[in-house]
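Chemist: pasting the sequence and the predicted model now:
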Amino acid sequence: MILAVAAGLVAGVLYYAGAQRIGVVVAASDLAPGHPIAAADLEIRAMPPDALPSGAVTDPSAAIGRFARTPIWKGQLLLAAAISTSPAAFQSGIELPTGYRAVAIPVSAAHAVGGALIPGSRVDVISVPVQGRAPAGRGTELIAQAALVVDVRGEQGGPFERLPTAPRPATAIRDRLGSVVIAVGPVAQMWIADRIATSTFVLALVADRP
């Protein structure tokens with residue numbers, strides 16, 4: 001009898017733990033980067049505590065008034081890392097490291113790894129003097145190493161669409177790569193500003209660090 005009672009208690013505890021639920025915040029609709037989050041954008045769903053990923057938001061007040069850093073889809077769990085106190089400057093959602101500045105490097109696809117760069121890549125920035133514009137004697141220079149790519153822009157100034165997300169008329173002009181935005185320190189930004197009018201820039205992809 002004692003064993004039976006003990007087994008029943010254990011089963012009851014296991015059932016209670018398995019049936020436990022906690023409220024978690026999810027998106028009630030698709031949220032674009034930079035979207036200010038309102039109460040109507042959020043829903044509460046019950047989930048087992050052990051199924052929640054790290055950083056899951058459980059209190060709606062922690063999200064209301066903040067901004068989506070990256071696209072958040074309807075029904076997606078809201079994570080603390082996906083929202084910020086200010087609008088994201090770029091659709092990638094990448095924030096500048098403390099003390100860094102965002103600088104746009106004007107490049108064509110041929111000078112930027114064939115246009116294959118994406119936000120999050122690391123690149124070396126090489127300055128090649130333009131004959132007749134750069135001072136005599138200036139050679140090719142490495143002006144930034146392993147710089148973080150925070151965004152890729154088209155010639156029209158908007159986000160560069162490598163592959164359009166929607167069908168376009170045959171007569172539509174496809175945007176071309178115009179610039180790559182990188183994060184650099186104060187010294188590198190001055191070098192870039194000094195060379196931008198007299199140089200062509202080449203971006204070299206840096207392998208992931210081990």
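Modeler: Happy to help now that I have it. Numbers count the residues shown, from 1 in each chain.
Chemist: for the residue nearest to Tyr100 when sequence neighbours are not counted, list each beta-bridge partner.
Modeler: Once flanking residues are discounted, Tyr100 sits nearest to Ala183: 4.3 Å by CB to CB, 6 or more residues apart in numbering. Any C-beta I mention is one placed from the backbone N, CA and C, and that applies to glycine too. Per DSSP bridges, the residues bridged to Ala183 are Ala102, Leu148.
Chemist: strands along the protein, start to end?
Modeler: Counting by DSSP state E, one finds strands in the chain at the ranges 22-27, 42-47, 67-68, 83-84, 101-106, 122-129, 141-154, 177-184, 199-205.
Chemist: next, the buried residues of the longest one.
Modeler: Spelled out, it's strand 141-154. Neighbour counts using 16 or more other CB atoms under 10 Å place 143-144, 147-154 of strand 141-154 among the buried residues.
Chemist: ok, the second one next?
Modeler: Along strand 42-47, these residues count as buried under the neighbour rule (16+ other CB under 10 Å): 42-43, 47.
Chemist: what does that strand rub up against?
Modeler: 21-28, 60, 63-64, 78 (CB atoms under 8 Å, 6 or more residues apart in numbering).
Chemist: now the longest one
Modeler: For strand 141-154, contacts defined as CB under 8 Å, 6+ apart pick out 89-92, 94, 96-97, 100, 102, 104, 117-127, 159-161, 175-184, 188, 191-192, 195, 206, 209.
Chemist: that one vs strand 122-129, what angle?
Modeler: With axes from the mean of the first three to the mean of the last three CA atoms, to 10 degrees applied, the angle from strand 141-154 to strand 122-129 works out at 110 degrees.
Chemist: again with the fifth one
Modeler: Regarding strand 101-106 and strand 122-129, their directions subtend 60 degrees when assessed with the same axes, to 10 degrees.
Chemist: check the offset of strand 101-106 from the chain's centre.
Modeler: Its chain's average C-alpha position is 16 Å from that of strand 101-106, according to CA atoms, centre = their mean, to the nearest Å.
Chemist: now for it, which elements pack on it?
Modeler: strand 141-154, strand 177-184, helix 186-195, strand 199-205 (3 or more CB pairs under 8 Å, 6 or more residues apart in numbering; DSSP states H and E).
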